[in-house]
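1. quick one, what's the 3D model for this:
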Amino acid sequence: QVQLVESGGGLVQAGGSLRVSCAASERTLSRYTMGWFRQAPGKEREFVAAISWGSGGTTHYKDSVKGRFTISRDNAKNTVYLQMNNLKPEDTAVYYCAARPSILVALTTNDYDVWGQGTQVTVSS
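-> Residues are numbered from 1 along each chain as shown. Coordinates of the predicted model:
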């Protein structure tokens, strides 16, 4: 089964940018739809963005991150990225990547089979 490892989190001031990455253990990442979720303290894990498999990749975003976050994938490197610009304090959370062996984008945690361990993103005001 594919394993996922996130990296790139950290502390940034409001208005700043971060890019988090998710590296997969298998070369078959190209056959998975990938998602990013986040979980803030005391809150449920929520959908942030997803990208389907294929060279183009259909994307979908949580409304509050549209225009600020961009999900992308490099199948040759078995890696998925989440570029986060104009960060806000409310973006503070642990960010998780997830994979599902389907061409269809999904928005709920139950739709994803494999999860990474998460990376902390903290945005100071």
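
2. Ala93 is in contact with Val123, correct?
-> No - in this structure, Val123 is not within contact of Ala93 by Cβ atoms under 8 Å, at 9.3 Å. All C-beta atoms are positioned from the backbone trio N, CA, C, and that covers glycine.

3. low-confidence ranges, the protein, go.
-> Scanning the chain for pLDDT under 70 picks out 27-28, 55.

4. quick one: the helices in it, in order.
-> Shown for the chain, no helices are assigned by DSSP state H.

5. the strands in it, which residues?
-> Using DSSP state E, the strands found in the chain span residues 4-7, 10-13, 18-24, 33-39, 46-51, 59-61, 69-74, 79-84, 93-100, 114-115, 119-124.

6. can you tell me which of those is nearest to Thr108?
-> strand 46-51 (6.9 Å; Cβ to Cβ).

7. now the angle from that closest one to strand 79-84?
-> Interaxial angle, strand 46-51 versus strand 79-84 (axes from the mean of the first three to the mean of the last three Cα atoms, to 10 degrees): 120 degrees.

8. and strand 46-51, which strands flank it?
-> If you go by DSSP bridges, strand 46-51 pairs up with strand 33-39 (antiparallel), strand 59-61 (antiparallel).

9. on that earlier part again, which of the strands of the chain sits closest to Leu107?
-> strand 46-51 (4.6 Å).

10. show me what counts as buried in that closest one.
-> Within strand 46-51, the residues scored as buried using 16 or more other Cβ atoms under 10 Å are Phe47, Val48, Ala49, Ala50, Ile51.

11. do the same with stretch 14-22
-> Leu18, Val20, Ser21, Cys22.

12. go on, stretch 108-116?
-> The neighbour-count check on stretch 108-116 (16+ other Cβ under 10 Å) flags Thr109, Asp111, Tyr112, Val114, Trp115, Gly116 as buried.

13. pretty sure the last one sits against Cys97.
-> What that stands for is Gly116. Yes - Gly116 lies in contact with Cys97 (Cβ under 8 Å); the separation is 4.8 Å.

14. need the overlap of contacts for those two.
-> Here Gly116 and Cys97 have Leu4, Glu6, Cys22 as joint contacts, going by Cβ atoms under 8 Å, 6 or more residues apart in numbering.
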